[in-house]
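Undergrad: What follows is a predicted structure for the sequence shown.
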Amino acid sequence: MSDHVLALDQGTTSTRAIVFDEQGGIVAVAQREHEQIFPRPGWVEHDPIEIWTNTQWVIAAALDEAGLSPRDVAGVGITNQRETAIVWDRRTGHPVANAIVWQDTRTQPLIDRLAAEGGTDRFAERTGLPLATYFSASKIAWILDSVPGARADAEAGHLLFGTPDTWLIWNLTGDTRGGIHVTDVTNASRTLLMDLATLDWSDDLLAVFGIPRSMLPEIVPSSGVIGEVREPPAARGIPIAGILGDQQAATFGQAAFDPGQSKNTYGTGNFLLVNTGTEIVRSTHGLVTTVAYRCGDEPASYALEGSIAVTGSLVQWLRDNLGIISSAPEVARLASTVDDSGGAYFVPAFSGLFAPYWRPDARGALVGLTRYVNKAHIARAAIEAAAFQSRDVIDAIVADTGRELTELRVDGGGSRDDLMMQFQADILGIPVVRPAIIETTALGAAYAAGLATGVWPDRDALRSHWREGRRWEPAMPVEEADRRVRLWRKAVTKSLDWVDEDVTALS
């Protein structure tokens, strides 16, 4: 039997293919970035064709580096940026517009109108989500109402919607020549259109947003064979056997399968998930309820999630917009040249604030500036912002669950930053633990595919693969940590109430 699994990780800034062996070890990696398109303030787009082209390249490159043919690979697991909306014509395979990315805020007027009729939590009981531009539904509605001819084509059954997993699977399995139109329960749970209890699309919510049901993919389990790859030829015949939204995939890769287990991923944004088992737990402290995973015909497992929009992308902003650094790794070196942030606090509310605040009217703020502050202090404030935002989310997790965290498992690219991880432990007052393999998002997708194709017999086998890589213990006095958290929360208040009618009109 084949004992390798291919993971396809379609993220916010790049697409990667990683080949894993049966021990969960990395055999080969290929990666390509794609363009971040900002047509107007608050608008964030991707080119779906570029993403598909990059996907074909990274799959072929990874398999070539590993020296594997399709018959050597048991399955493909796909993980993806969630909430990002792609609408394309089933007749031509061409997108009707660029993908609207999860960070995009253009649909705030629609969200405001819907909230005025029943509050931001009017659909939370059914979906687990607040009304926010973050989720897919308002993005689909915007495309249908703003692209000439799109609504008529949708109502005629010609248009399809999908998050990036759906778009890639449709293309991988044949596109206009019989491509499969599916998504899994984790991605569906991020649309504001799926009922958490039934795990099916809600006709009532589709009516509210004016979205024809014919556009939506079939909802399938996270682990299970759904078809075979037809393109690219380098992977033809490999079963597609796993689909997970990126944060759920990271949770799966951390082997956080049991209620109470959690992880925090440091990527473009930060996302902390706590498994709640088969129980749907409703948050009263600004978190969202989401599907964690579903394996085959088993009942779904759920999670509470704290979603933070901007952490790693703040480092990119320092590089690309301000030129303070020339490469992302440089931020840690620059920040380490000073002992603290010099009294500066950076609230990166570029797309408003997500959990636990859910304030779309917020915008980025750099406060506490004096003549003493230099670019090293600003770099340090950017790093510390990720830790402060994670503290806010963890406090909400503890309030919702009534259970203190004894340690925090971390992953993602940001977890490579030793300075950030030490500061995170200091601000939380608990150990921070990084696994030996930090590519847990791709690993989780591989695990889901490998379970479905027999590479691993069960989740106990996956638990046995987890190994601690490094641990950081708190070193900052509690009083000092509390002081800094107090000042951070004061800084957050300075970012609020920025967007109003005048600002919206200018943007």
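TA: Sure thing, it's come through.
Undergrad: Which parts of the stretch 401-507 of the chain are strands?
TA: Per DSSP state E, counting those that start in this stretch, the stretch 401-507 of the chain has strands spanning 408-411, 432-435, 468-472. These are given in chain order.
Undergrad: Just checking: what are the partner strands of the last one?
TA: Strand 468-472 pairs in its sheet with strand 432-435 (antiparallel), by DSSP bridges.
Undergrad: Can I get the strand it pairs with in PDB, CA atoms only?
TA: Provided in PDB are the C-alpha atoms of strand 432-435 (Å, rounded to 0.1, in the frame of the first residue of the first chain):
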ATOM      1  CA  VAL A 432       3.800  27.900  25.300                       C
ATOM      2  CA  VAL A 433       4.600  24.600  23.500                       C
ATOM      3  CA  ARG A 434       5.600  24.300  19.900                       C
ATOM      4  CA  PRO A 435       5.500  20.800  18.200                       C
END
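Undergrad: Could you shift the numbering so residue one becomes 40, and keep it that way?
TA: From this message on, residue numbering opens at 40, which makes the last subject strand 471-474.
Undergrad: How far away from the center of its chain is it?
TA: From the chain centre to the centre of strand 471-474 is a distance of 19 Å (Cα atoms, centre = their mean, to the nearest Å).
Undergrad: what comes up buried for it?
TA: The neighbour-count check on strand 471-474 (16 or more other Cβ atoms under 10 Å) flags 471-474 as buried. For the C-beta atoms, the positions are set from N, CA and C on the backbone; glycine is no exception.
Undergrad: need the contact list for residue 101.
TA: When contacts are counted by Cβ atoms under 8 Å, 6 or more residues apart in numbering, residue 101 is found next to 45, 56-58, 67-69.
Undergrad: Contact partners for residue 56?
TA: 45-48, 68-70, 94, 97-98, 100-102.
Undergrad: now, which of the buried residues of strand 471-474 sits nearest residue 275?
TA: Checking the buried residues of strand 471-474 against residue 275 with Cβ to Cβ, the nearest one is residue 474 at 33.1 Å.
Undergrad: Not counting sequence-adjacent ones, nearest residue to that closest one?
TA: residue 508 (5.3 Å; Cβ to Cβ, 6 or more residues apart in numbering).
Undergrad: ok, the one you found to residue 66 distance?
TA: Residue 508 is 19 Å from residue 66, where distance means Cβ to Cβ, to the nearest Å.
Undergrad: Which of the two has more residues huddled nearby?
TA: residue 66 (17 against 13; other Cβ atoms under 10 Å).
Undergrad: Would you give the sheet partners of the helix or strand that one falls within, along with the direction of each?
TA: Assigned by DSSP states H and E, residue 66 belongs to strand 65-72. The pairing partners recorded for strand 65-72 under DSSP bridges are strand 53-59 (antiparallel).
Undergrad: end-to-end on stretch 272-286?
TA: In stretch 272-286, first residue to last residue: 29 Å (Cα to Cα, to the nearest Å).
Undergrad: Give me the average confidence score over it.
TA: Taken as a whole, stretch 272-286 carries a mean pLDDT of 95.
Undergrad: Quick check: buried residues in it?
TA: So, applying 16+ other Cβ under 10 Å, buried residues of stretch 272-286: 273-274, 277-286.
Undergrad: Tabulate those residues in CSV, adding columns for secondary structure.
TA: Output for the buried residues of stretch 272-286, formatted as CSV (DSSP: H, G, I helix; E, B strand; the rest coil):
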residue, secondary structure
273, helix
274, helix
277, coil
278, strand
279, strand
280, strand
281, strand
282, strand
283, strand
284, strand
285, helix
286, helix
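Undergrad: Quote the end-to-end distance of stretch 114-123.
TA: 25 Å.
Undergrad: quick one: that stretch to chain centroid distance?
TA: 10 Å.
Undergrad: same check, this time on stretch 493-508
TA: Distance, centroid of stretch 493-508 to centroid of chain: 23 Å (Cα atoms, centre = their mean).
Undergrad: Then stretch 140-150?
TA: With Cα atoms, centre = their mean as the basis, the mean position of stretch 140-150 lies at 16 Å from the chain mean.
Undergrad: Check stretch 237-254 too.
TA: Its chain's C-alpha centre and that of stretch 237-254 lie 23 Å apart, by Cα atoms, centre = their mean.
Undergrad: mind listing the strands for the stretch 140-289 of the chain?
TA: Using DSSP E, counting those that start in this stretch, strands in the stretch 140-289 of the chain cover 198-201, 221-223, 233-234, 239-240, 257-259, 262-267, 278-284.
Undergrad: so what secondary structure elements neighbour the third one?
TA: In other words, strand 233-234. helix 163-166, strand 239-240 (3 or more Cβ pairs under 8 Å, 6 or more residues apart in numbering; DSSP states H and E).
Undergrad: returning to that earlier point: right, so the strands of the stretch 140-289 of the chain: which one is the most enclosed?
TA: Here the criterion is mean neighbour count by mean count of other Cβ atoms under 10 Å, and of those the winner is strand 278-284, at a mean of 30.
Undergrad: Which neighbouring elements make contact with that one?
TA: If contacts are counted by 3+ Cβ pairs under 8 Å, 6+ apart, strand 278-284 sits against strand 112-119, helix 203-211, strand 221-223, helix 224-227, strand 262-267, helix 479-492.
Undergrad: Dump the ones you listed into TSV; add mean pLDDT as well.
TA: Shown next, in TSV, are the helices and strands packed on strand 278-284 (pLDDT from 0 to 100):
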stretch	mean pLDDT
strand 112-119	96
helix 203-211	97
strand 221-223	98
helix 224-227	97
strand 262-267	96
helix 479-492	94
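Undergrad: Could you dump these into CSV with distance to residue 181 added?
TA: Listed next are these as CSV, based on distance: least, Cβ to Cβ, whole Å:
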stretch, distance to residue 181
strand 112-119, 20
helix 203-211, 17
strand 221-223, 20
helix 224-227, 19
strand 262-267, 29
helix 479-492, 28
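Undergrad: Which one, of the ones you listed, ends up nearest to residue 298?
TA: Closest approach to residue 298 among the helices and strands packed on strand 278-284 is made by helix 224-227 (17.0 Å; Cβ to Cβ).
Undergrad: How far does the closest one sit from its chain's centre?
TA: On Cα atoms, centre = their mean, the centre of helix 224-227 falls 12 Å from the chain's centre.
Undergrad: With stretch 59-76 instead?
TA: 16 Å.
Undergrad: Check which residues of it are buried.
TA: 59, 61, 63, 65-71, 73, 75.
Undergrad: try stretch 432-449
TA: So stretch 432-449, judged by 16+ other Cβ under 10 Å, has buried residues 432-436, 439-440, 444, 447-449.
Undergrad: ditto for stretch 104-113
TA: For stretch 104-113, by 16+ other Cβ under 10 Å, it's 105, 107, 109, 112-113.
Undergrad: which outside residues touch it?
TA: Contacts for stretch 104-113 (Cβ under 8 Å, 6+ apart): 40-45, 58, 66-69, 102, 268, 273-278, 280, 488-489, 492-494.
Undergrad: let's see 10 Å
TA: Contacts to stretch 104-113, defined as Cβ atoms under 10 Å, 6 or more residues apart in numbering, come from residues 40-45, 56-61, 65-69, 101-102, 115, 267-268, 272-278, 280, 485, 488-489, 491-495.
Undergrad: Let's test this: mean pLDDT of stretch 155-175, rounded?
TA: Stretch 155-175 comes out at a mean pLDDT of 91.
Undergrad: Can I get it in PDB, CA atoms only?
TA: Provided in PDB are the C-alpha atoms of stretch 155-175 (Å, rounded to 0.1, in the frame of the first residue of the first chain):
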ATOM      1  CA  ALA A 155     -30.500  46.600  12.000                       C
ATOM      2  CA  GLU A 156     -33.300  44.200  11.600                       C
ATOM      3  CA  GLY A 157     -32.300  41.800  14.300                       C
ATOM      4  CA  GLY A 158     -28.800  42.500  15.800                       C
ATOM      5  CA  THR A 159     -25.400  41.100  14.900                       C
ATOM      6  CA  ASP A 160     -26.300  37.800  16.600                       C
ATOM      7  CA  ARG A 161     -29.600  37.200  14.700                       C
ATOM      8  CA  PHE A 162     -28.300  34.100  13.000                       C
ATOM      9  CA  ALA A 163     -25.800  33.000  15.700                       C
ATOM     10  CA  GLU A 164     -28.100  30.300  17.200                       C
ATOM     11  CA  ARG A 165     -28.300  28.600  13.800                       C
ATOM     12  CA  THR A 166     -24.800  29.200  12.400                       C
ATOM     13  CA  GLY A 167     -22.600  29.900  15.400                       C
ATOM     14  CA  LEU A 168     -21.400  33.100  13.800                       C
ATOM     15  CA  PRO A 169     -22.100  36.800  14.200                       C
ATOM     16  CA  LEU A 170     -23.100  38.900  11.300                       C
ATOM     17  CA  ALA A 171     -19.800  40.100   9.900                       C
ATOM     18  CA  THR A 172     -18.100  40.900   6.600                       C
ATOM     19  CA  TYR A 173     -15.600  38.100   7.500                       C
ATOM     20  CA  PHE A 174     -17.900  35.300   6.400                       C
ATOM     21  CA  SER A 175     -18.800  34.200   2.900                       C
END
